[in-house]
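[1] Here you go, sequence then predicted model.
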Amino acid sequence: HNHWLLITIVNMTILSAFVDRVVRERTFRIDFHDFLNDFAPYLRLELILLYFFAVFHKLNIDFFNPEISCGAYFYKTLSSRVTFFPDQKWMADLTIYLALFIEILIPLLLISKTRRNLGILIACVFHGVIGFNPVSQFWNFSSVIYALLILFIPADFSVKLSFLKHPFTKSVLTIFLLMTILASIVIREPFFEVGFGLAVWSVYMAISITLICKIIGLKRIIKESAASKEPIFALHSPLLFIFPIFLLLNGLSPYLGLKTESSFSMFSNLRTEGGKS
């Protein structure tokens with residue numbers, strides 16, 4: 001439900017930006033680059049707010065309790081079905097802190113002018129791995145994140161899809177697909193109750209990461225700053241402020257006693273009901 005709420009707000013933001021520009025220019029023939037600059041800053045802010053609440057909600061005592069933490073539970077479930085993952089308690093305990101660290105690191109890198117590309121790559125790998133968890137169909141959430149991460153790539157980059165014919169690209173995609181086939185051999189049967197969706201996610205993730213690495217350039221990811229000179233949060237339209245504000249209130253709603261469903265507190269062990277926290 002969390003990703004559906006996020007998708008709804010994202011789509012409403014884009015639609016409102018379109019209506020606002022059409023009203024101002026009195027024409028449906030609008031420049032795509034200008035239109036992108038209208039809504040992209042707000043969508044970036046909405047993604048950062050999502051990460052903020054995903055971390056903030058986890059700062060409760062139950063999430064750090066290995067016996068009941070969702071972080072530890074997810075890893076235990078995954079390691080019990082994927083033979084090459086170490087099935088040890090210390091690794092499950094470590095996952096609690098590792099997941100929290102990565103969810104803090106990603107938004108910090110995304111708002112950095114010099115390490116933004118690294119943040120995009122780490123986020124793609126992190127959410128790609130999460131997509132394989134057998135507890136829930138996380139690839140639906142991860143695919144939404146992938147779409148929003150594209151907005152952090154500097155606008156002055158462009159790429160021709162003809163590079164897909166390049167031997168190197170074909171080799172990378174082949175390796176990804178072979179790894180997927182290998183995983184299907186070593187993963188135990190219950191994992192494939194949702195096997196078709198997992199197979200689609202495997203291919204989608206492989207192509208997405210390959211495309212992003214090609215667009216950015218591997219050297220720019222690690223060594224160079226490829227950040228655009230334009231500020232990523234250039235918020236111009238007061239009308240579009242409504243949507244980030246809504247997401248902010250939505251994330252705060254468990255603490256305001258409004259609701260707990262779809263408040264970005266997914267799998268955080270957060271409890272704020274019945275007068276207890």
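    Arrived safely.
[2] Is there a neighbour count for the residue lying closest to L148 once chain neighbours are set aside? I'd like the number.
    In space, and not counting its chain neighbours, L148 is closest to L47: 4.6 Å by C-beta to C-beta, 6 or more residues apart in numbering. The way it works is simple: take the backbone N, C-alpha and C, and place the C-beta from them, glycine included. Using other C-beta atoms under 10 Å, L47 has 24 neighbouring residues.
[3] same thing with K259?
    Residues within reach of K259, counting by other C-beta under 10 Å, total 11.
[4] measure it to Y51 for me?
    Remark: distance between K259 and Y51 (C-beta to C-beta, to the nearest Å) = 20 Å.
[5] list the buried ones in stretch 62-75?
    For stretch 62-75, a neighbour-count test (16 or more other C-beta atoms under 10 Å) marks F63, F64, P66, S69, C70, G71, A72, Y73, F74, Y75 as buried.
[6] Among those, which one sits closest to V200?
    Distance to V200 across these (C-beta to C-beta) is lowest for F74, with 21.0 Å.
[7] close enough to count as contact, the closest one and F267?
    Yes - under the criterion of C-beta atoms under 8 Å, F74 makes contact with F267 at 7.2 Å.
[8] Low-confidence stretches in the protein?
    81-84, 154-166, 168-170, 172-197, 217-219, 221-230 (pLDDT under 70).
[9] Helices of that one, residue ranges please.
    Using DSSP state H, the helices of the chain run over residues 2-25, 32-56, 70-81, 89-110, 116-130, 139-149, 167-186, 195-216, 218-222, 242-256.
[10] what's the closest of those to A234?
    A234 lies closest, by C-beta to C-beta, to one member of the helices of the chain: helix 32-56, at 5.1 Å.
[11] Could you pull out the buried residues of the closest one?
    35, 38-56.
[12] in terms of contact count, name the helices or strands touching it.
    Helices and strands touching helix 32-56, by 3 or more C-beta pairs under 8 Å, 6 or more residues apart in numbering; DSSP states H and E, are helix 2-25, helix 89-110, helix 139-149, helix 242-256.
[13] what's next to the longest one, contact-wise?
    Contacts with helix 2-25, where a contact means C-beta atoms under 8 Å, 6 or more residues apart in numbering, come from 28, 30, 34-35, 38-39, 42-43, 46, 50, 140-141, 144, 148, 237, 239-240, 242-243, 246-247, 250, 262-264, 266.
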